[in-house]
Structures are given as C-alpha cells and as structure tokens.
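In: Just a sequence and a predicted model for now, questions to come.
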Amino acid sequence: MYIIGENIHIISEKVKLALKERDAKFFQESAVAQVEAGAQALDLNLGPRKKDWEEVFPWMVETVEAVVDVPLSFDSTNIQGIEAGLKKITKAQPIINSTSAEPERLENVPLIAKKYNARLVALTMAASGIPVSADERVNIALEKLIPRMMEIDFPISDLIIDPLVLTVSGCQEYCPELVEAIRTLQYAWDPPPPISVGLSNVSNAVPAENRALINRTYCVMLMGVGLKMMIANPLDEPLKNTIRIIEERDASTAVGRLYLKLHDQVAAGEALAITDVDMKDPEQAAIWKTVQILMNKVIYADSYLQQASMA
Amino acid sequence: MAVEIPKDSWAGSVRVVTLGATPADGGTRSHTIMIGGQNTLPFMHFEKPTPHRPVIAVEIKDRRPEDWSGLLLDIWGDAANDPAAWAKQAEVAGADMLVLALTLTAADGNPTTPSMAVEAVKAVLAASKLPLIVLGPGQADADNELLVPVAEATKGERLALGLCEDKNYRTIVAAAMANDHCVVARTPMDVNLAKQLNILIHDMGLPLDRIVMDPTTGALGYGIEYGYSVMERLRLAALQGDAMTQLPMMVTPGFEAWKTKESKFGQDVPGTWGNWEERAINWETLTAMTLVESGADVVVLRHPESVRRVHQAITDLMTVPETV
C-alpha cells in the first residue's frame, strides 16, 4: 500500500497555528515522523491561502524538502499557489491534488501538471456534484478525465483517479458504491490507472472512538477490490498492521483471519456472512457490525456498535 | 393473459405501540389505540394485511393560541379558549386521539406553571376519553419542568410524552418510565439521528414498544420529499430487520402545513390561488396523505375538515380492491 501521509492538514488546529507562526520545525518533525512511519509521499493541505499563497507554498516546499525526499502532494484549490510550490520542487516528482471533471478545472489543472511534470489526482466529480452510483463515477473517469489527459498527451500512468470516499455518517449509500467504483476502474485503462482515496473521510462526523475501526475495516474492503494507494495517517499503527495482515496474508490471529476473509469475499463480489464471524469475540463482532454499516445493510447510528447485531 | 403480481416478503416488522390505558389497565380511557405492527410497506394489503390503520390525532392547546391562522380559530370558535371544550369538539370532528400541546407562557405573559399544565391535562382527560399525547412547549427547561408533574399526575394513563430530542430526552424518558407512559422521539429529518435517539432512549431502559418516533417532515412544497424519503428509508430498514428502526412513526403535517404562506395568507395573493380556506385545507390534507403513504402511523392535524378528508382517504386505502 502506497500511503500518502495526511497529517499536514489545515483542519488541524496545531497545523493552523504552526503555519501562522511559520514554525518550520513543526512541519519538518511531522514530515520526518510520517516518512519514518512508512509514508511514501506527503499531502500538504494548506487551504486556499488566498492572501499569502505566493509566499506560503514555496516556503512549505523548502521547509519539507530540507528533511525528506518523498513526493509532495499539493492539496489545494488555489492553482496559483500550487504552481508557486511546483516551481520550488527540487526532489521527487510532485503530485497535484486535485482536478475534478468540472469544465474549468479540467481545462486548466492538467496543463499545469503537464508543464511541471507532476502527477495529477483527478476526482470523479462533475459540475453537478458527486454521483452516488459506481457506474456514474466510472463514467466520469472514462468520458471526461481520461479523454482530457489524452487530449493534452498527459501520461495515464501519472493520472491518479480518486473516486471519492464519503462519510458513513450521512452519506452511507455512497460507501458500497465506492467499492464497486474501484473494482470497475481497474478496467478503465491497460495497465490499470493508479487509484487513490482519502480513507479517513469515511469516518468524518463519526465519534472519535469509532473512527479507526471504521477506517481500517473499509481499508480491507477497498484492498479487496484492488486499492493500492491512499491518503491516510501513517502513524495509525492498527491501520498499518491491518494492511500488513492483508499484504502478507498473515492468518496467525482470529481477527487477521476475519480480515482476510472479508478481503477475499469483497474481491469475489460476495458478502461476508455472519457464520464467518465468531460473534462471541467482541473485536470480531465489532468488525461485523462495521461491515454491515459500510455495506449500507444496517443504518448507521453513532452507537451502532452497541446495537445487537442482525443476522 | 393473467398478470402475476410480484409479492415481497420481509424479515422484520414494526413494533406495536399501545397508546392510552383503560380502567382495566390502570387508566381512564374508553379504549386504547394500537399503532404499528406492519410487515410490509403501507397499504400493500395483498402482501400482508395492515394490522392497524394509521390514526389521526387532533392538536389542541392549553390556551387560545396566538400564532394560529384565523381560519383555524374561526372554525374551532370558543372551544379554542378552553382545552376541555376543545377536546370534546375535536372528538366530534373525528379525532382518533388528541395531542395537547402546552404553551410556553400563560395568557398573562408569565411562564406556564406545572400546576397549570397538570390542570389542563386533567381537564382534557376528563372531557374526552380518547388516548392522549402531551407535548411540552419545545424548550428543554420548560418541557422538563412541565412534563414531569404531568407524567406523575396521570400515572397509568399511558400517555405519550414529547418531544424527546437528542439534547433533551433523559428527564422525559425517566418520567415516562416511572409513570407507565410512552414517549415521542423527534429528530430533524435524518435516518442516522433517528436511529441514534432510539438507541439512546432504549439504553435508559424504556422498552421499545413504548417509543414512537417523529422523524420530522416538511409541508407540501417545503421539503416534504425529503421527509418522505427519510420515513421510507426508516421503514425499509425496519422491514429488513433493524430493531432500532422498528418503531411506529408520528408526524405533524398540521403544524407544517399551517405555517406555509399558502395556508397563512388570504389577502395579497394571486387570484389563481383560489379560495383561501379550501387551499389551506388541501395543503394540510395533501401533506398528511403523502406522509401516510410513506408510513406515518399517526398524523397530527389541525382543521376539522382535513380530519374528515384524511379519515376518508385512509378508509379508502384500507379497503379499495386494488390494494387488497
């Protein structure tokens, strides 16, 4: 699994403060910690920076590139700011996060990516918003995103399609559709185009104590349909251990065997059955309940783990 | 060629909630009302019979409302000055049950006191033997202050008390538990929040067959399709076996319809809008019937003519050959 570290994100109060104070040490420590923990790229979400983009984006590149060598991903809607940052890159091939299929962005952002030899994350989102169904999301990739790249002779291997994770708390019907979107997108190009998602979006607005379980269960399901890249927290050890279990097919624990079963069932287009789960084991029961909400079989509620399970 | 009508079969069913208690069960009601119990979608009688028809509750107030449409005040006349008289009139108008909505302030502008609330509830219970729902004024402190003494003074009547909301449900639920009442749990048009509140109330120890959920709705033209979808989704989940959604639903189309401009205003509106009263009644009736079609078990109405029309429409839906 190729993890793009998500921890430099303006939504965090610490990041907000450090950025305000131009605290280089804070960002360098975060960058080093994420890379040491296994991040293969770093997402830099600095917000739009409407007033100080000219200075902030290059400053961040300089600060982070001083301590790590991995690709930097510019996660912003401010294309001028992104371009200012791209000009400053001296190390690995950077990433622009993101364009969508909205006409204006799709017109401009890929040209910038091509000019600076950056990889480009493209969201399966059109002017009309994010479609629920897998087919519609795949169609946006096939009919809008890929044709635009071909039109400007942008290598498809540098295109990263993001079919958009939405939260199970409020957008539950999107969750199983994303699984199918990722499954189908593998066939959108030969070789398959890289696909990446923002994993933790699946647990936005979920109480903090349940977020990690939902994230890693969904991660297993998405790996089942071939996900190999995501924006995630590289310091989340249980998440990384879960990824390791799948990648190494480590069946030495009961929970590991359940995750492998879940992965294989999703891969085969089958549903996990309650008979695959030892419901007397609280950890396995929690995973089962989480799969049920992620598959939109049981309506999500903040206390979903407290509810008796449905067979 | 004969067409075979496909029939669905569901794993789950809606719980039956019994409202009101007769003397045999410690109350004073002439009869009880059972709601819920379905194990198919509304009016699919050819799949499974509908065990209990949707009921109409008529909303009355503890004192003459200041913010109601003049059309409503005219039609109820002097009865609106006295909850006991109003209750009797509502029964004559065809109410299956009553909703007494307590007012935040008394006529003199001071807060409604617990003894005033208890007196109003007792007067209504004495005047009409229909099962009763009592709603607080809708502010957490006032709701708790008024509903607890009401619950105690009416122990055993199996009222439904509301509204429980996520920020304020504990006191009302505890009062209902201690005094053998039911509760109404309201959430703002959201399936996740509706289910969550049911879980929280149930966690306090109140049995599920004493909870009615109010998923909130909008009036015709004011978000009703969103409310409809939420109710439909909750009902589908219930039929699929999700225990925490298997509760009957109450909605308030009267309240919603009578705050729209189409119902509120008779002057300075386009002539093509037609007769004011007829329009307002249509608005309330169509809002209510849409919600009945999406699975409402209790619709709370305000105008007697709407009550008559909705009653007739439900009777038709329960008996027309096409649905049986």
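Out: Received it, and whenever you're ready, just let me know what you need.
In: going forward, measure contacts between C-alpha atoms and count neighbours the same way
Out: Will do.
In: Tell me the secondary structure at residue B:250.
Out: strand (DSSP: H, G, I helix; E, B strand; the rest coil).
In: Same check on residue B:133?
Out: Applying three-state DSSP: residue B:133 is strand.
In: measure it to residue A:107 for me?
Out: 60 Å (C-alpha to C-alpha, to the nearest Å).
In: which of the two has more neighbours?
Out: residue B:133 (25 against 15; other C-alpha atoms under 10 Å in any protein chain shown).
In: Shouldn't residue B:91 be within a strand?
Out: No. Under three-state DSSP, residue B:91 sits outside any strand and is assigned helix.
In: these two touch, right, it and residue B:131?
Out: No. With contact defined as C-alpha atoms under 8 Å, residue B:91 does not reach residue B:131; the gap is 10.8 Å.
In: Give me the nearest residue to the residue most central in space within chain A, chain neighbours excluded.
Out: The residue lying closest to the centre of chain A (C-alpha atoms, centre = their mean) is residue A:198, at 2.1 Å. Distance criterion C-alpha to C-alpha, 6 or more residues apart in numbering or on different chains; nearest residue to residue A:198, sequence neighbours excluded, is residue A:231 at 4.7 Å.
In: What count of nearby residues applies to residue B:151?
Out: 28.
In: Which pLDDT value belongs to it?
Out: Listed pLDDT for residue B:151 reads 98.
In: Let me see the backbone angles for residue A:129.
Out: When quoted as degrees, to the nearest 10, the phi and psi of residue A:129 stand at phi 110, psi -160.
In: Chain B versus that one, what's the distance?
Out: 18 Å (C-alpha to the nearest C-alpha, to the nearest Å).
In: cool, and residue A:92?
Out: In terms of C-alpha to the nearest C-alpha, residue A:92 sits 44 Å off from chain B.
In: show me what contacts that residue?
Out: A:69, A:70, A:71, A:72 (C-alpha atoms under 8 Å, 6 or more residues apart in numbering or on different chains).
In: Where does pLDDT dip in the stretch 151-300 of chain B?
Out: In the predicted model, the stretch 151-300 of chain B carries no residue with pLDDT under 70.
In: Spell out which parts of it neighbour chain A.
Out: Within the stretch 151-300 of chain B, the positions adjacent to chain A are B:191, B:192, B:193, B:195, B:196, B:199, B:237, B:241, B:242, B:244 by C-alpha under 8 Å from any C-alpha of the partner chain.
In: Okay, and which of those residues map to helices?
Out: Among those, the members falling in helices (DSSP state H) are B:191, B:192, B:193, B:195, B:196, B:199, B:237.
In: hang on, the second one packs against residue A:296?
Out: Read that as residue B:192. No. Taking contacts as C-alpha under 8 Å, residue B:192 lies outside contact range of residue A:296: 11.6 Å.
In: Pick out whichever of these two has more residues nearby.
Out: residue B:192 (23 against 18).
In: Find me whatever residue is spatially closest to the more buried one, sequence neighbours aside.
Out: residue A:301 (4.9 Å).
In: for residue A:255, same thing?
Out: Using C-alpha to C-alpha, 6+ apart, the closest residue to residue A:255 is residue A:284 (6.3 Å).
In: quick one, strands of chain B?
Out: Ranges of strands within chain B are B:16-19, B:33-36, B:55-61, B:97-101, B:132-135, B:160-164, B:182-186, B:211-214, B:250-251, B:298-301, based on DSSP state E.
In: which helices and strands does the shortest one pack with?
Out: The elements that strand B:250-251 packs onto, with contact taken as 3 or more C-alpha pairs under 8 Å, 6 or more residues apart in numbering or on different chains; DSSP states H and E, are strand B:211-214, strand B:298-301.
In: so which of those is the most packed in?
Out: Ranked by mean neighbour count, the helices and strands packed on strand B:250-251 are led by strand B:211-214 with a mean of 28 (mean count of other C-alpha atoms under 10 Å in any protein chain shown).
In: contact partners of it?
Out: With C-alpha under 8 Å, 6+ apart, strand B:211-214 has contacts from B:17, B:182-187, B:194, B:198, B:247-251.
In: just curious, which of these is nearest to chain A?
Out: Nearest to chain A among the contacts of strand B:211-214: residue B:194, at 8.2 Å, using C-alpha to the nearest C-alpha.
In: so the closest one touches residue B:184, yeah?
Out: No. Contact criterion C-alpha under 8 Å: residue B:194 and residue B:184 do not qualify, at 11.4 Å.
In: before we move on, back to that, out of the contacts of residue A:92, list just those in strands.
Out: Using DSSP E, these in strands are residue A:72.
In: Mind picking the two most distant members of the contacts of residue A:92?
Out: A:69 and A:72 (8.8 Å; C-alpha to C-alpha).
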